[in-house]
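Peer 1: Quick one: sequence and predicted model below, then my questions.
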Amino acid sequence: MSTPPVLALRGISRRFGAVQALRDVELEIHAGEVVALVGDNGAGKSTLVKVITGVAPADEGAIEWEGRPVRISRPHEARALGIACVYQDLALCESLDVVGNIFLGHEICRAGVLDEVSMERRARELDLLDTLSTGIANVRVPVTALSAGQRQTVAICRALLSRPKLLILDEPTAALGVSQTARFLDLIEHLRERGIGVLLISHNLGDVKAVADEVAVLRLGRNNGFFDVLTTPQEQIISSMTGATDNAVTHRKAWEAVR
Amino acid sequence: MKGTDASGDPAGPVAAAERRPAVRERGLRVRAGECTHKLRTGDVGSVPVVVVLIMIWTAFQLLDHHFLSPRNLSNLSVDIVGTGLIAVGIVFVLLLGEVDLSVGSVSGLAAAVFAVLNVNNGTPEWLAIVAAVLTGTVIGVVQGFFFAKVGVPSFVVTLAGLLAWNGLMLYVLGASGTINLRDTGLIPALTIEYFHNPAATYGLAALGATAYFFASHRDARRRRAAGVPYRPLGSTAVRTAGIAVIAFAAAFVLSRFQGLPLALLLFLAFVVCLDVVLRRTSYGRKIFSIGGGVEAARRAGINVVWMRISAFAASATLAAIGGLFLASRVASVGQTSGSSNLLINAIAAAVIGGASLFGGRGSPWSAVLGILVIQSIASGMVLMGIETAVQYMITGGVLLGAVVLDSLSRQSQKAHGRA
């Protein structure tokens, strides 16, 4: 590939006490690419997210950001690079309105007073609120009054405020209904068009197949195959997740096929 | 007293109005439908407390025609100030979803510190005032430290404070028990000084209404320039007219007795400033966010420990200032200063006015509305010669009603949020 990946993980290992959570994990995400990270419970998906976001730095291995080696040992270092993450619980303030939540911690002030007008305008300029047509007609309603899908949009807008190059979405469709999920998948397409690299962590292979370019399977803390979404049958991904095809030859082949 | 209500009323609805979708050129009917929708979904705002207040006033006026007399209302407007300031402080802590039980004792201790320094030791008055207020601040920081840093529940920390600071007050007062304040000076003047000139009273009313109009209008202009929804001029005019009517009615009543009480003016100044701090600064936004979701606030990079300590410091500082007003009202500091009754009234005022015990909702104006309700009940009962026992029961009933409303509105909001 001509341009280096936005993020490349090389031989990442992470240990929690006696538990080897990750071992020699590889992963590459390019700009404008949606990579799905799948795996059974305890496969190390969340740990990998924590490694990337600096919450739980890697013990071994190298991280490359746009081709140059970097160290991510604190959350704010990840943010400074341009990594944003939307967690499963969204972490929104119930009583604040949409604009308040999007700008929380990064309020725009004028002469020491909150500049609500500028914030509201910029919130609208993110144009996700409109293009998604998630029905957030009014950016001044408290988040309590929003549906799960709308809340998710707010959380993603919040993550996009810092103009990240890599967006990590942790189990984004877990709490969504069918139509909300459809809208959400539209949103991911939209992000891809904007050239943002997306790492999508999901259990739902249907969603993954619908939107991802590439699937990386984790099993018991190791890579267990990289698959091209268009050409790989779902059964093969599932067997890779569950360990039915747990051997080095298959996932090397798959890896080469992708490259 | 209506004076407080006058400027008090704006803030509740105004606060709500700012969040309301002020989409341009919208019909009245749409807006009315929106209001009912808000009410149905549990966003009741300050409507119930205003209704309750009107009911209380009507009832007492029917029972005793002295109730709405200029003299009684004017006295009421001074009576609310001490406890009202303490309630405003409690709003800071309630916004976090915590509670401060020590404010009564802190207010008594601050008054005792002032009295002992100024009267017994002859310290200059300004220095004694500074010392009394700082006593409150330091206490707040200490309590906030134990809550936010050490992790002791705020209920326990401030319960310990309730006992300890009351004990310290008795110790500071010493054997004498009661100290009478001097007749002259700033502190006595706080509650006996009036601006007799009607120009001052009506001027304040005019100033409030004009300031509201220009602030809203400027905001609308900026919004229009920025291309975001704004409130049409007509709507702003109607609101301003509403505020002006209440403000001038209050000014009329006050000018028929002594004029504008200094205490009321200072109280309103405090409330307006703190309202701006809480609603329009990034500090206030952070306080609200912690009450709405600590985890979200933490992930947004907000220093939760420091914010919590600062809120407890604000609460105790305002308690100390309120204590000075209370001491000024009775012209003495005694062993019963800062009694538990005071604490109950202050917390009840904040909650009745619409501050949520669950955090994230409330404003200094809610404390104003709440203390008006409580003090009106007290004043009416005294007028009619009803014993305190009944007064406690009625205040208790109103408080329970307010908390029930708070809980129901939360449930309703949740239900509609999921819908």
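Peer 2: Looks like it arrived, so ask away.
Peer 1: residues touching residue B:292, list them.
Peer 2: A:93-96, A:143, B:359-360 (CB atoms under 8 Å, 6 or more residues apart in numbering or on different chains). Heads up, the C-betas are built off the backbone N, CA and C, glycines and all.
Peer 1: Need the max-distance pair from those.
Peer 2: Using CB to CB, the pair of those lying farthest apart is A:143 and B:359, separated by 14.1 Å.
Peer 1: what's the residue in the stretch 101-250 of chain A positioned nearest to chain B sitting at in phi/psi?
Peer 2: Using CB to the nearest CB, residue A:105 is the residue of the stretch 101-250 of chain A that sits closest to chain B, at 3.3 Å. Note on residue A:105: backbone dihedrals following degrees, to the nearest 10 are phi 90, psi -10.
Peer 1: Least confident secondary structure element in chain B?
Peer 2: Ranked by mean pLDDT, DSSP states H and E, the weakest helix or strand in chain B is helix B:2-19, scoring a mean of 38.
Peer 1: just the strands in the chain please.
Peer 2: No chain specified, so I'll use chain A. Ranges of strands in chain A, per DSSP state E, are A:7-16, A:19-29, A:34-39, A:60-65, A:68-70, A:83-86, A:109-110, A:113-114, A:166-170, A:197-201, A:214-219, A:222-228.
Peer 1: I was after chain B.
Peer 2: Along chain B, counting by DSSP E, strands occupy B:179-180, B:194-195, B:260-261, B:332-333.
Peer 1: Each with direction, which strands does the last one pair with?
Peer 2: On the basis of DSSP bridges, the sheet neighbours of strand B:332-333 come out as strand B:179-180 (antiparallel).
Peer 1: which of the strands of chain B sits most buried?
Peer 2: strand B:260-261 (a mean of 26; mean count of other CB atoms under 10 Å in any protein chain shown).
Peer 1: Mind listing the strands it pairs with, and their directions?
Peer 2: Strand B:260-261 has the following strand partners under DSSP bridges: strand B:194-195 (antiparallel).
Peer 1: Please list the residues of the stretch 151-300 of chain B that sit near chain A.
Peer 2: B:219, B:222-223, B:226-228, B:276, B:280-282, B:285, B:288-289, B:291-293, B:295-297, B:299-300 (CB under 8 Å from any CB of the partner chain).
Peer 1: Buried ones among these?
Peer 2: For these, a burial check counting by 16 or more other CB atoms under 10 Å in any protein chain shown picks out B:219, B:222-223, B:226, B:228, B:280-282, B:285, B:288-289, B:291-293, B:296-297, B:299-300.
Peer 1: How is chain A partitioned into domains?
Peer 2: According to automatic domain parsing, chain A comprises the domains A:7-82+A:164-258, A:94-161.
Peer 1: Could I get the phi/psi values of residue B:181?
Peer 2: Main-chain dihedrals, residue B:181, degrees, to the nearest 10: phi -70, psi 160.
Peer 1: separation between it and residue B:93?
Peer 2: To residue B:93, residue B:181 is 29 Å away according to CB to CB, to the nearest Å.
Peer 1: Mind checking which of those two has more residues around it?
Peer 2: residue B:93 (31 against 20; other CB atoms under 10 Å in any protein chain shown).
Peer 1: and residue B:124, what does it touch?
Peer 2: The neighbours of residue B:124, taking CB under 8 Å, 6+ apart as the test, are residue B:118.
Peer 1: can I assume residue B:49 is in contact with residue B:371?
Peer 2: No - at 10.8 Å, residue B:49 does not count as touching residue B:371 under the criterion of CB atoms under 8 Å.
Peer 1: Now for these two: what residues contact both?
Peer 2: residue B:353.
Peer 1: The two - which one has more neighbours?
Peer 2: In this view residue B:49 and residue B:371 are compared by other CB under 10 Å, and residue B:371 has more residues nearby, 30 against 25.
Peer 1: coming back round to it: dump the strands of chain A into a markdown table; add distance to chain B as well.
Peer 2: As requested, these are exported to a markdown table (distance: least, CB to the nearest CB, whole Å):
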| stretch | distance to chain B |
| --- | --- |
| strand A:7-16 | 21 |
| strand A:19-29 | 22 |
| strand A:34-39 | 21 |
| strand A:60-65 | 21 |
| strand A:68-70 | 21 |
| strand A:83-86 | 9 |
| strand A:109-110 | 6 |
| strand A:113-114 | 5 |
| strand A:166-170 | 13 |
| strand A:197-201 | 17 |
| strand A:214-219 | 25 |
| strand A:222-228 | 29 |
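Peer 1: Point to the residue nearest the middle of the chain.
Peer 2: Picked chain A for this. Residue closest to the average C-alpha location in chain A (CA atoms, centre = their mean): residue A:168, at 1.6 Å.
Peer 1: my bad, the chain I had in mind was chain B
Peer 2: Taking CA atoms, centre = their mean, chain B has its central residue at residue B:367, 2.8 Å away.
Peer 1: Now do the contacts for the closest residue to that residue other than its chain neighbours.
Peer 2: Once flanking residues are discounted, residue B:367 sits nearest to residue B:87: 3.8 Å by CB to CB, 6 or more residues apart in numbering or on different chains. Contacts for residue B:87 (CB under 8 Å, 6+ apart) come out as B:345-347, B:349-350, B:353, B:367, B:370-371.
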